[in-house]
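Novice: sequence unknown, structure follows:
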Ligand code: KG4
Ligand code: ZN
């Protein structure tokens with residue numbers, strides 16, 4: 001509640017201004033989900049406004065709509081966070097088809113594991129990316145997993161193992177650490193760019209939306225923008241603070257669904273496992 005009060009204060013609003021309460025109802029760890037759901041449901045009940053449970057990844061996916069000049073569906077979305085690496089075909093808001101998924105570790109998880117192995121603090125993604133700036137791109141060349149065969153699924157656990165082996169066999173100097181970080185980042189970015197190009201072609205789409213924590217990676221953003229210029233697709237990124245987990249994206253997804261007339265019952269329900277494909281489509 002102190003956080004809610006502080007947020008309202010900074011936004012120059014009071015609870016009387018609220019038209020609804022949106023909260024993350026899945027997917028994720030049940031304990032955390034229940035805390036948010038119970039607090040949100042109670043607040044909505046006390047304020048006599050509707051409340052709506054939001055799919056965390058739909059929050060990420062729609063985050064670019066918080067920006068001026070937002071993407072219009074249809075588009076393809078690359079969702080890369082600590083728990084997911086997915087390619088989604090978005091026919092309309094609420095109509096999602098999974099084109100590709102991770103078979104093991106998510107992209108963010110691979111960043112975090114690699115960072116941890118080299119002694120960087122958690123969450124390692126941004127630290128590893130910073131270190132990579134000091135590294136040379138062609139000292140360590142790691143595999144680009146699953147790009148040598150068709151398909152849109154991804155797998156990053158083998159890459160993490162490859163990096164571990166290289167690190168253990170190396171002199172573990174500062175420069176080597178940066179070179180390995182750079183080699184790793186190149187491999188992940190290359191793989192993601194290849195998969196995005198293929199997904200856009202498969203879906204016949206001209207717009208790519210990138211969201212989730214790894215979408216904050218500067219190198220990934222540059223390389224996708226270059227690929228877009230070469231292939232003729234446009235790339236939409238939310239600003240950095242809307243890439244990593246944030247409340248604005250959940251508020252927006254909830255507001256869109258409430259405005260479209262969707263309401264949930266008053267019971268406290270969470271969905272630790274929840275596919276984006278199971279979300280109800282919005283009446284247009
Ligand atoms: O979307 P997010 O904030 O939380 C989840 O829903 O998981 O994503 C967090 C993930 C972490 O794995 C973090 O290391 C990674 O995003 N991340 C980055 C960068 N910033 C955050 N990975 C690479 N480069 C970054 N700049
Ligand atoms: Zn997230």
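Specialist: Cool, the structure landed. Bear in mind the structure is a predicted one, so any value in this text is a computation, not a measurement. Numbers count the residues shown, from 1 in each chain. Ligands and ions are numbered 1, 2, ... in the order given.

Novice: going by C-alpha atoms from here, please, whenever you check contacts or count neighbours.
Specialist: Will do.

Novice: in a strand, residue 220, correct?
Specialist: No. Counting by DSSP: H, G, I helix; E, B strand; the rest coil, residue 220 is located in no strand; its state is helix.

Novice: show me what contacts it?
Specialist: 189, 193 (CA atoms under 8 Å, 6 or more residues apart in numbering).

Novice: that one and residue 237, how far apart?
Specialist: Using CA to CA, to the nearest Å, residue 220 is found at 11 Å from residue 237.

Novice: ligand 1 contacts on the stretch 151-284 of the chain?
Specialist: Proximity of the stretch 151-284 of the chain to ligand 1 is confined to 212, 213, 214, 216, 217, 244, 245 under the rule CA under 6 Å from any ligand atom.

Novice: can you give the distance from whichever helix or strand residue 176 is part of to the centre of its chain?
Specialist: Of the helices and strands defined by DSSP states H and E, residue 176 is found in helix 174-203. Centroid separation for helix 174-203 versus its chain: 16 Å, with CA atoms, centre = their mean, to the nearest Å.

Novice: correct me if wrong: residue 196 contacts residue 78.
Specialist: Yes. Using CA atoms under 8 Å, residue 196 is in contact with residue 78, at 7.1 Å.

Novice: give the residues shared as contacts by the two.
Specialist: Joint contacts of residue 196 and residue 78 (CA under 8 Å, 6+ apart) are 87, 208.

Novice: these two: which has the busier surroundings?
Specialist: For residue 196 versus residue 78, neighbours defined as other CA atoms under 10 Å are more numerous around residue 78 (27 against 24).

Novice: does that one really touch residue 210, like I thought?
Specialist: Yes. The pair residue 78 / residue 210 is scored as a contact, 4.9 Å apart, by CA under 8 Å.

Novice: ok, the helix or strand following the helix holding residue 176: who's next to it in the sheet?
Specialist: Sequence order places strand 207-211 as the next helix or strand after helix 174-203, per DSSP H and E. Strand 207-211 sits in its sheet next to strand 75-80 (parallel), strand 234-236 (parallel), going by DSSP bridges.

Novice: how much space between residue 203 and residue 236?
Specialist: Residue 203 is 17 Å from residue 236, by CA to CA.

Novice: more neighbours: those two, which one.
Specialist: The residue with more neighbours, out of residue 203 and residue 236, is residue 236; 22 against 16, by other CA under 10 Å.

Novice: ok, residue 92 touching residue 77?
Specialist: No. Using CA under 8 Å as the test, residue 92 is too far from residue 77 to be in contact (11.9 Å).

Novice: domain parsing for the chain?
Specialist: 2-59+244-278, 68-237 (automatic domain parsing).

Novice: go through these and pick out the most buried.
Specialist: Stretch with highest mean neighbour count among the domains of the chain: domain 68-237 (a mean of 19; mean count of other CA atoms under 10 Å).

Novice: return the distance of it from the chain's centre.
Specialist: Using CA atoms, centre = their mean, the offset of domain 68-237 from its chain centre is 11 Å.

Novice: contacting residues around residue 21?
Specialist: Contacts of residue 21 (CA under 8 Å, 6+ apart): 40, 41, 43, 44, 49, 50, 51, 52, 251, 254.
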